[in-house]
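Predicted model and sequence follow; I will ask about them next.
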Amino acid sequence: MNDDSKQEPANFEFTREFLKTAQSHIKKYPKNRQSSAVMPLLDLAQRQNGGWIPKPAINYVANLLGMPSIRVLEVATFYTMYNLEPIGQFHVQVCTNLPCWLRGSNDVLNSCKKCLGIETGETTDDNLFTLSEVECLGACVNAPMMQINDNYYEDLTSETTENILFNLREGADVKTGSQIGRNSCEPINGLTSLQHMKSNLIVEDG
Amino acid sequence: MVNMIIDGKEVSVDPGMTVLQACEQIGIEIPRFCYHERLSVAGNCRMCLVQMEKSPKPIASCAMPVGEGMTIHTNTPEVEAMRKSVMEFLLLNHPLDCPICDQGGECDLQDQSIAYGIDHSRYQERKRSVTDKHMGPLISTTMTRCIHCTRCVRFATEIAGVPDLGLLGRGENAEITTYLEKALNSELSGNVIDLCPVGALTSKPYAFIARPWELKSIETIDVMDAIGSNIRVDVRGAEVLRVLPILNEDINEEWISDKTRFACDALSYQRLDRPYIRKNGRLKEATWNEAFNTIAATLKKVNGPDIAALAGDLADCESMIALKMLIQNLGSENIDCRQDCARLDPTVRSSYLFNSALAGIDQTDAILLIGCNPRWEAAVLNARIRKRYLESGIPIGVIGEKSDLNYEIMHLGDDVNVLHDILAKKGRFSKILRSASRPMIIIGQGALARGDGHAILGLTRKITELYKIVDNNRGWNGFNMLHTAASRVGGLDLGFVPGPNCRDTEAILDGASQGSIKLVYLLGADEINMERLGNAFVIYQGHHGDTGANRADVILPGAAYTEKNATYVNTEGRVQRAYQAVFPPGEAKEDWRIIRALSEIIGKKLEFDSLAQVRAALVEANPNFLNVGTMSPAAWNKFGIDGEITDMTLSSHIKNFYMTDPISRASITMANCSKAFANNHFEKITNNG
Ligand code: SF4
Ligand code: FES
Ligand code: FES
């Protein structure tokens, strides 16, 4: 917000690569129903523009899909995952819904505030982090959790939260998924059922 | 038919109806906010909840299609409780500011909270506040009152065709707004005021003027265009405060244009409220007798054939027939009601009517627009074309200037050569016309108010015949003349046109500028070039101080359309009556009475003393005047001529939708609109014969 380069651009246009992806989305829908592609296209625009969608991008997507700008703006304002204002490089979204809260999301949120020196809804001066409080992200089983850009970080404590933020700031590698070595969303002490099938299960990390 | 049971009564209804409509059909009224017959179903207010047997949850009756064997309950204690709960939710964030709200007294929310509201609130939290939005010079907004029914959004998107309104955000933060807060750029925008069930969108010019219970309502018709929209005029004392639409499926459905709705402020401005006589170059107030005597004295010095009369766009039929008879008694037939010199043929009625009727648009499968811009010339009709277009995607060809009509058009060109091509069965639209079963041509005055208008008319007739656009066997006549003057068809019907070898508008103006026409009687005619009246003695009878009154030697103050019982014939040829809502201001009089009084003073007394007698004279001139409210079909005949056609471009003759006649030009609201929307589309200045 305090960096001029983050201000609203006068124009917006997909790069060749993004346009190609956009077109593949548009192609999924029958003729005259292209407006169905509005959500993936807004997401692409957000990605190309560093995490937020400027007004010209709204108009651009509207033109591309042949729909009125206000319809695109309606969609963009309806979903909280579209950011209509400049945002830090890392968008830290802490879940504070009931399961996460019961498991200590207050600690996570407070650690974020302390570590980043900002309140929710704010962006750090160096434009690296924006902090948000969000509703359930569907990973309650590994609560508490937060999402940073495209990755989930689960089974958090104050300490692991601070670690993650520190490493991100330093540009170091960060472990995504569960922070306590849990495999996917299995019970903490390993499988408790279907044990006889264990050898057949394809187990993936994170 | 689908059989179902509603409140214990067996009913059978059309499949495809909704439960709400089915209930309505048997006289059960379901409360609603978001549902509206002419808009798509949104189902978001939940006020229409009813119980359906075998459904665990209540259903939104406006969105639920009827089904065989359904059992519906609308009057159980549960339904009552649901309505109360919905009401409570709707009122949570509502400011409850009825005492300062213009909707008070005619508010759906107010009315329904009488029935279903609770007398206290259980809401302890802070109410949300919403900043008001800018929606232009006509619509005032108080967005905290909005209940998010989205009727306004659907109207703008579906009917008006200007998708600028939207609902942004979600839940608690949802707000109605226009894109980038620009004014709603539609000639029909005022209708959202009627649609909004609460006081969120109200009329800006009418803000804090009156309460509905102080008003007297008169049902009459509109004269701002030639459609003849049915309106309700609300008055308090001697003042017209507002104009609202009334339902007429055949004409305006339930919309009116912004000019119809908002130009009424002009009825109190720039009025001619007493006679004037020009003395030493300046207009001086006078009495009726002085004015009449001045005219009588002048008439003594003028020969019959040197007299002429022109009727303006707002003239009513009674005054036109009276004036026609008066001029005839004076020995002249130099009269014309076509002040724009449109080459209309008064001898063949079908040549100047919108023959298919406005409702014919609902059936047509191809439209060719020639030299007209329906969006400016008849905004309500344009909405009907748009409705048809959305329904069936019919092809709409335009010959004339290219402009945004709110539906997709095929721009075929802007000169008459295109017509030649179509007659030679060339071009893409020729193919469309050939395969269409109910094609229609809509031709505007822009195509006729030019030197070669007769020939264009002839050419259009040939096309009409070639493509069977008129087909007697099937009872279809798709040749449609679109007028813009409310007086025009009436004038042609009663014969306010030059007699044999007499002068039409063009010749009258020529004669006046050369000095051979010595006296010109202008019946509200303001759209002519006053300089061409030369040294003629000019009598102006009308209601507003416009160009005609400026030029006049004697002014006779007449009545505006809300001040007289009068007859108008709309562009379809439908005879309609206007009713007096208020008295004319000051000494102004009903128009036919002025002419009647004058006739006596100059010794050419007209033989009628009552409105009924004038109307008898109308019927004598043309029996169509008997059929009030209906259309009388007109027989097809040859009209127009074969002749040279110039390649001058075709275009509408309306340059500014908001200012087309003496009333709208005097309106402050219309002036504000012209300013607000000037940059949008009124720059293209057009030719005008
Ligand atoms: S402004 Fe009026 S019409 Fe529009 S959504 Fe709100 S309540 Fe409905
Ligand atoms: S409650 Fe936090 S992820 Fe579901
Ligand atoms: S009228 Fe049915 S939900 Fe609004």
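On my side now, so go ahead. Numbering: from 1, shown residues only, chains lettered A, B, ... in the order given. Ligands and ions are numbered 1, 2, ... in the order given.

how about the strands in chain A?
For chain A, applying DSSP state E gives strands covering A:90-95, A:129-134, A:146-148, A:151-154, A:177-178.

Distance to residue B:532 for the ones you listed - can I get that in JSON lines?
For the C-beta atoms, the positions are set from N, CA and C on the backbone; glycine is no exception. Below are these laid out as JSON lines (distance: least, Cβ to Cβ, whole Å):
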{"stretch": "strand A:90-95", "distance to residue B:532": "72"}
{"stretch": "strand A:129-134", "distance to residue B:532": "71"}
{"stretch": "strand A:146-148", "distance to residue B:532": "78"}
{"stretch": "strand A:151-154", "distance to residue B:532": "81"}
{"stretch": "strand A:177-178", "distance to residue B:532": "88"}
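
closest to chain B out of those?
Comparing the strands of chain A by their distance to chain B (Cβ to the nearest Cβ), the top pick is strand A:129-134, with 14.1 Å.

Pick the most deeply packed of the strands of chain A.
strand A:90-95 (a mean of 24; mean count of other Cβ atoms under 10 Å in any protein chain shown).

Give me the angle between it and strand A:129-134.
Angular relation of strand A:90-95 and strand A:129-134 on a 0 to 180 degree scale: 20 degrees, by axes from the mean of the first three to the mean of the last three Cα atoms, to 10 degrees.

Touching the longest helix seen in chain B from outside, list them.
Criterion DSSP state H: the longest helix present in chain B is helix B:77-92. Taking contacts as Cβ atoms under 8 Å, 6 or more residues apart in numbering or on different chains, the residues outside helix B:77-92 that touch it are B:31, B:33, B:45-47, B:49-51, B:58, B:73, B:109, B:112-113, B:115-118, B:121-123, B:127, B:147.

following that helix, which helix or strand shows up next?
Using DSSP states H and E, the helix or strand that follows helix B:77-92 in sequence is helix B:108-116.

if you look at the longest helix of chain B, does any of it touch ligand 3?
No: if you take Cβ under 6 Å from any ligand atom as the test, helix B:77-92 misses ligand 3, and the best it gets is 8.8 Å.

and that helix with helix B:108-116, angle?
Using the same axes, to 10 degrees: helix B:77-92 against helix B:108-116 is 140 degrees.

For helix B:77-92, the averaged confidence score.
Averaged over helix B:77-92, pLDDT sits at 94.

Centre of the chain to that helix, how far?
40 Å (Cα atoms, centre = their mean, to the nearest Å).

Also stretch B:67-83?
41 Å.

Check which residues of that stretch are buried.
Within stretch B:67-83, the residues that count as buried by 16 or more other Cβ atoms under 10 Å in any protein chain shown are B:70, B:72, B:73, B:74, B:79, B:82, B:83.

Repeat that for stretch B:661-676.
B:661-667, B:669-674, B:676.

Can you pick out the most distant pair from those?
B:662 and B:676 (21.7 Å; Cβ to Cβ).

Shouldn't residue B:327 be within a helix?
Yes: counting by DSSP: H, G, I helix; E, B strand; the rest coil, one finds residue B:327 located in a helix.

For it, which residues are in contact?
When the contact criterion is Cβ under 8 Å, 6+ apart, the partners of residue B:327 are B:307, B:308, B:309, B:333, B:334, B:335, B:521.

Skipping adjacent residues, who's closest to the first one in space?
Translated: residue B:307. Distances taken as Cβ to Cβ, 6 or more residues apart in numbering or on different chains place residue B:332 nearest to residue B:307, at 4.2 Å, with adjacent residues excluded.

Could you list the domains of the chain?
Using chain A. Under the assignment automatic domain parsing, the domains of chain A span A:3-78, A:90-178.

switch to chain B, that's the one I care about
Split by automatic domain parsing, chain B gives B:2-90, B:92-204, B:215-269+B:655-689, B:276-340+B:488-626, B:345-484.

Next, format those as CSV and append distance to ligand 2.
Shown next, in CSV, are the domains of chain B (distance: least, Cβ to the nearest ligand atom, whole Å):
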stretch, distance to ligand 2
domain B:2-90, 26
domain B:92-204, 19
domain B:215-269+B:655-689, 49
domain B:276-340+B:488-626, 64
domain B:345-484, 43
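
Using CSV, lay out those domains together with distance to residue A:196.
Formatted as CSV, the domains of chain B follow (distance: least, Cβ to Cβ, whole Å):
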stretch, distance to residue A:196
domain B:2-90, 40
domain B:92-204, 47
domain B:215-269+B:655-689, 71
domain B:276-340+B:488-626, 83
domain B:345-484, 62
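
Ok, which of the ones you listed comes nearest residue B:639?
Short answer: domain B:345-484, nearest of those by Cβ to Cβ, at 3.9 Å.

That closest one close to chain A?
No: legend: contact between domain B:345-484 and chain A by Cβ under 8 Å from any Cβ of the partner chain is lacking; minimum distance shown is 10.1 Å.

mean confidence score for that domain?
95.

what do you get for stretch A:92-105?
Rounded mean pLDDT across stretch A:92-105 is 97.

still on that earlier bit, show me which of the contacts of helix B:77-92 are buried.
By 16+ other Cβ under 10 Å, those give B:31, B:33, B:45-47, B:49-51, B:58, B:73, B:109, B:112-113, B:116-117, B:147 as buried.

Output those of those also counted as contacts of ligand 3.
Applying Cβ under 6 Å from any ligand atom to those, those adjacent to ligand 3 are B:33, B:45, B:46, B:47.

Take those residues and write them to a markdown table, including secondary structure.
Listed next are these as a markdown table, based on three-state DSSP:
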| residue | secondary structure |
| --- | --- |
| B:33 | coil |
| B:45 | coil |
| B:46 | coil |
| B:47 | coil |
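
Need those in a markdown table (columns: pLDDT and distance to residue A:74).
Output for these, formatted as a markdown table (pLDDT from 0 to 100; distance: Cβ to Cβ, whole Å):
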| residue | pLDDT | distance to residue A:74 |
| --- | --- | --- |
| B:33 | 97 | 20 |
| B:45 | 95 | 18 |
| B:46 | 96 | 20 |
| B:47 | 96 | 23 |
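
Now flag whichever of the residues you listed is closest to residue A:86.
residue B:45 (36.4 Å).

wait, doesn't that closest one sit right on residue B:31?
No: between residue B:45 and residue B:31 there is no contact under Cβ atoms under 8 Å: 9.4 Å.

moving C-terminal of the helix or strand that contains residue B:490, what's the next helix or strand?
Using DSSP H and E, residue B:490 falls within helix B:488-494. Note on helix B:488-494: by DSSP H and E, the next helix or strand toward the C-terminus is helix B:505-514.

Which strands or helices does that next one pack on?
Helices and strands touching helix B:505-514, by 3 or more Cβ pairs under 8 Å, 6 or more residues apart in numbering or on different chains; DSSP states H and E, are strand B:307-311.
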